[in-house]
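> Sequence below, structure please.
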Amino acid sequence: MSEAPAARPRVVVAGATGFVGGALCAGLADRFEVVALTRGAPSPEAQPHVTWRRCDLFSLHSVEAALAGADFAIYLVHSMLPSARLVQGSFADLDLVLADNFVRGAEQAGVRHILYVGGVIPEGMPLSPHLRSRLEVEETLRGRRPTLTALRCGIIVGPGGSSLRIIVNLVRRLPVMVLPSWCDSRSQPVALRDVVRAVRLCLDEPTRWTGSFDVAGPDVLTYREMMQRTARVLGLRRLMIGVPAFSPRLSKLWVRVFGSAPAALVNPLIESLRHDLVAEANPLLTALEPEALGFEAALAEALAGEDRAKAAAAGLGLSRAERARLRAARTVRSVQRLPLPIGRSAAWVAEEYLRFLPALTRPWIRVEIETDGHCRFRLSGVRRPLLRLRLARTRSTPDRQVFDVAGGALARAEPDGGGRLEFREVLGGRALLAAIHDYRPALPWPIYQSSQALVHLFVMRRFARHLRACGPTRSAAGLPDSA
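Take a look at the predicted model:
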């Protein structure tokens, strides 16, 4: 009697709709059962051993369900583009919410190992906000039970890649190019196929490759040299004139206009270009080296695949359908990073917020807290509450407190709920995020944006000042700050 074939390990890919995610789904399906996550409609294309699953990464419950039964999880997500009609907060804080949800969900689901594709981290100078965010995501994913492999990549050269697409657009559209000083910064691009090879190696031997590894191709190039080689591959002659200045504002405008990329994508990237992003030698890089593609070969391969990746290549911003969906949904997402006094928890911050708010708004707003976990915010003298919050006891922990928006004059009544407010500890307790997710305001949209939305930001700034006055906090480096 023949033995049944061994079950394939299951790997979940978050960020599967991106160009790296698509290549990984195809490149892992011969060894793994791949679950590809998407926040929109699942892919209509059937692939053997690839299952598409809808998942809202801003919802911990959704993440836990998506990761159920997984042996490995791959994290490719970067929140540079809007996820709601109104988004308040930096991309770095939004990324922290997503990464924290993912690692919490992975721990709950019993995932053994997480693999994260991030960026090269230079040493010796302050990091740009974009690179600092990549490092924070890596730290967050390493902060719980699953082990972590972090692949730190430079520009990934493949069909549909946003950074490569910007370079190609600039070279194609500008016969004469005036290059600011950041074009002399060095980078070490890597072919998409080599990133896939690196992931396969790490998943085959996760204990061997636990840790952080720079992944790069064989060519160390300035951005000027990359554009020169891109022109050569495209068969174009381009005049490139360097200027000894680095004007982030002009550079962002130049790249947005001629690179056909949205500000949300371009602005953080431009700020990182002052760094040399060159890989440090490591065993994984050595294992990849013999078959690694150089920049021009990788670029030619990427350009040959442009037709297959046409939608991704054109989609450096949100698609028209996605923008229409966000407008129709009329939801709000607001994430603010707050200081966390040493020795305090998210549970304490949630209680302190309910004490702080009526003191700030007295005598206009009263807060009624009941034993069933309901909180009601009322205008003085008005019976109907402005908002009703309900503590979600089963979804709350000392380091994460969740309140469901249960109704009130300022919230639209929805069958799937009116959103949620949460307080969560991040970065090992060095900071706290206060976040509103999927909130649907009852006020007409223009009135909401010019009133309630601004009041919320004002309240959060005052609450941050209040928390600093409650005791010493820790800086991003983990050192005590003065109150």
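> When you work out contacts or count neighbours from here on, use the C-alpha atoms and nothing else.
Noted.
> Do I have it right that residue 190 meets residue 151?
No: Residue 190 lies out of contact with residue 151 (Cα atoms under 8 Å); the separation is 11.6 Å.
> which residues are common contacts for the two?
Shared contacts of residue 190 and residue 151 (Cα atoms under 8 Å, 6 or more residues apart in numbering): residue 215.
> helices and strands around the helix or strand residue 35 falls within, which ones?
Residue 35 belongs to strand 33-38 when assigned by DSSP states H and E. Other elements packing on strand 33-38 under the criterion 3 or more Cα pairs under 8 Å, 6 or more residues apart in numbering; DSSP states H and E are strand 10-14, helix 19-28, strand 50-54.
> Can you tell me the strand partners of it and which way each runs?
strand 10-14 (parallel), strand 50-54 (parallel) (DSSP bridges).
> would CSV of those strands with distance to residue 374 and mean pLDDT be doable?
Listed next are the strands paired with strand 33-38 as CSV, based on distance: least, Cα to Cα, whole Å; pLDDT from 0 to 100:
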stretch, distance to residue 374, mean pLDDT
strand 10-14, 35, 98
strand 50-54, 31, 94
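> Comparing those strands, which comes out most buried?
Most buried of the strands paired with strand 33-38 by mean neighbour count (mean count of other Cα atoms under 10 Å) is strand 10-14; its value is a mean of 26.
> So what angle separates the directions of that strand and helix 19-28?
Orientation of strand 10-14 against helix 19-28 (axes from the mean of the first three to the mean of the last three Cα atoms, to 10 degrees) gives an angle of 170 degrees.
> Contacts for stretch 201-220, please.
If you take Cα under 8 Å, 6+ apart as the criterion, stretch 201-220 is touched by 72, 113, 120, 147-154, 186-191, 194-195, 198, 278-282, 284-285, 289, 292-295.
> The residue nearest to residue 397 when sequence neighbours are not counted: which element?
In this structure, residue 397 finds its nearest non-sequential neighbour in residue 347, 7.5 Å apart by Cα to Cα, 6 or more residues apart in numbering. According to DSSP H and E, residue 347 maps onto helix 346-361.
> For the closest residue to residue 22 other than its chain neighbours, give its distance to residue 207.
Computed as Cα to Cα, 6+ apart, the closest residue to residue 22 that is not its neighbour in sequence is residue 16, at 5.5 Å. Separation of residue 16 from residue 207 (Cα to Cα, to the nearest Å): 24 Å.
> returning to what we had before: take the helices and strands packed on strand 33-38 and write them to a markdown table, including distance to residue 99.
Formatted as a markdown table, these follow (distance: least, Cα to Cα, whole Å):
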| stretch | distance to residue 99 |
| --- | --- |
| strand 10-14 | 10 |
| helix 19-28 | 16 |
| strand 50-54 | 17 |
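> Which of these sits closest to residue 433?
Closest to residue 433 of the helices and strands packed on strand 33-38 is strand 10-14 (Cα to Cα; 22.0 Å).
> Helices along the stretch 351-483 of the chain, start to end?
445-450, 452-469 (DSSP state H, counting those that start in this stretch).
> Can you check what angle separates the longest one from helix 346-361?
Comparing the axes of helix 452-469 and helix 346-361 via the same axes, to 10 degrees yields an angle of 120 degrees.
> now helix 452-469: mean pLDDT?
The average pLDDT within helix 452-469 is 96.
> And that helix, what's buried?
Applying a neighbour-count criterion of 16 or more other Cα atoms under 10 Å, one finds 453, 457, 460, 463-464, 466-468 buried in helix 452-469.
> Pick the one among these closest to residue 132.
Nearest to residue 132 among those: residue 464, at 21.5 Å, using Cα to Cα.
> Roughly how far does the closest one sit from residue 150?
32 Å.
> Also residue 168?
Taking Cα to Cα, one finds residue 168 at 28 Å from residue 150.
> Looking at the two, which is more packed in?
Between residue 168 and residue 150, counted using other Cα atoms under 10 Å, residue 150 has the larger neighbour count: 27 against 19.
> Need the three-state assignment for that one.
strand (DSSP: H, G, I helix; E, B strand; the rest coil).
> follow-up on the earlier one: tell me which two of the buried residues of helix 452-469 sit farthest apart.
Distance extremes for these: the farthest pair is 453 and 468 at 23.3 Å, using Cα to Cα.
> Which stretches in the stretch 201-350 of the chain count as strands?
211-215, 221-222, 239-242, 332-338 (DSSP state E, counting those that start in this stretch).
> Out of these, which gets the lowest mean score?
Among the strands of the stretch 201-350 of the chain, strand 239-242 carries the lowest mean pLDDT, a mean of 89.
> tell me which residues in it are buried?
The neighbour-count check on strand 239-242 (16+ other Cα under 10 Å) flags residue 240 as buried.
> From the contact counts, what lies against that strand?
strand 176-179.
> What strands line up against the strand it packs on, and which way round?
strand 239-242 (parallel).
> Now the strand it pairs with - C-alpha only, PDB.
C-alpha atoms of strand 239-242 as PDB (Å, rounded to 0.1, in the frame of the first residue of the first chain):
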ATOM      1  CA  LEU A 239      21.800  64.300 -21.900                       C
ATOM      2  CA  MET A 240      22.200  64.300 -18.200                       C
ATOM      3  CA  ILE A 241      23.500  67.400 -16.400                       C
ATOM      4  CA  GLY A 242      24.300  67.300 -12.700                       C
END
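> got the contact list for that strand?
Strand 239-242 has contacts (Cα under 8 Å, 6+ apart) with 175-181.
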